[in-house]
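Chemist: Just to be clear, the model below is a prediction. Sequence and coordinates:
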Amino acid sequence: DTAVSQTPKYLVTQMGNDKSIKCEQNLGHDTMYWYKQDSKKFLKIMFSYNNKELIINETVPNRFSPKSPDKAHLNLHINSLELGDSAVYFCASTNGLATNNEQFFGPGTRLTVL
Amino acid sequence: AQSVTQPDIHITVSEGASLELRCNYSYGATPYLFWYVQSPGQGLQLLLKYFSGDTLVQGIKGFEAEFKRSQSSFNLRKPSVHWSDAAEYFCAVGASNYQLIWGAGTKLIIKP
């Protein structure tokens, strides 16, 4: 029973392509996040949705577009991929907006742009 | 500004030895503090958290951490490490804008 799942696990693509990463959680949480982890393991928050509403939208190129069709899903679409987009992307979820709640992470999607 | 500093990029410890990973934070109010662990190729998992009360908190896998307000620190400890503890460890503080502020991580290497 995977709590937070992401597909695909690996994604290798050419520069300029458009790709999507999907995330689903079965924990009944109402808040979901996308993080980017670079090669030095630094974690950077990109977006957060609460009850399908965007609440965190960090300084991210507008080539990145999140979409939350329902509370259990948060997808990330990336247009015109660039070399610098290569990273591991993590989805996470939690209950509510308070920052004292544990975040549950997916296994990550390793994106490689050639 | 809110920030989290993990001064050690990596630490090497012999199996069976004790461990302390350092974390310092900058935050105006009483912080919510977390330690997460990331095993190779995996997502992050919560080890322990501090909100209030007893400043020594116990977590999973035999880890503990101590909150010291006077030093703005929340160091992670384990009395005896196992090879399976080799991982990346992240300290984080709950910020006021719905998100966590993350440290840069400390890579723990275990020598046999």
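Modeler: Sure, I can see it.
Chemist: OK, contacts around B:Gln2?
Modeler: B:Tyr25, B:Ser26, B:Tyr27, B:Gly28, B:Val93, B:Ala95, B:Ser96, B:Ile101 (Cβ atoms under 8 Å, 6 or more residues apart in numbering or on different chains). C-beta coordinates here come from the backbone N, C-alpha and C atoms, glycine included.
Chemist: For chain A, state which of these is nearest.
Modeler: B:Ala95 (6.1 Å; Cβ to the nearest Cβ).
Chemist: Any chance of the backbone angles for the closest one?
Modeler: phi -90, psi 180 (degrees, to the nearest 10).
Chemist: Can you give me the neighbour number for it?
Modeler: By other Cβ atoms under 10 Å in any protein chain shown, the residues close to B:Ala95 number 17.
Chemist: near chain A, which of the contacts of B:Gln2 show up?
Modeler: Contacts with chain A within these, as defined by Cβ under 8 Å from any Cβ of the partner chain: B:Ala95, B:Ser96.
Chemist: okay, who's weakest in the contacts of B:Gln2 by pLDDT?
Modeler: Ranked by pLDDT, the contacts of B:Gln2 bottom out at B:Gly28 (75).
Chemist: Leaving out chain neighbours, which residue sits closest to it?
Modeler: Using Cβ to Cβ, 6 or more residues apart in numbering or on different chains and skipping residues adjacent in sequence, the residue nearest B:Gly28 is B:Gln2, 7.8 Å away.
Chemist: and what of A:Tyr49?
Modeler: Spatial nearest neighbour of A:Tyr49, excluding adjacent residues (Cβ to Cβ, 6+ apart): A:Ser68 at 4.3 Å.
Chemist: dump the residue contacts of that neighbour.
Modeler: Here A:Ser68 is in contact with A:Met32, A:Tyr49, A:Lys52, A:Leu54, A:Leu74, A:Asn75 (Cβ under 8 Å, 6+ apart).
Chemist: Sort out for me which of those are in strands.
Modeler: Mapping the contacts of A:Ser68 onto strands (DSSP state E) picks out A:Met32, A:Tyr49, A:Leu54, A:Leu74, A:Asn75.
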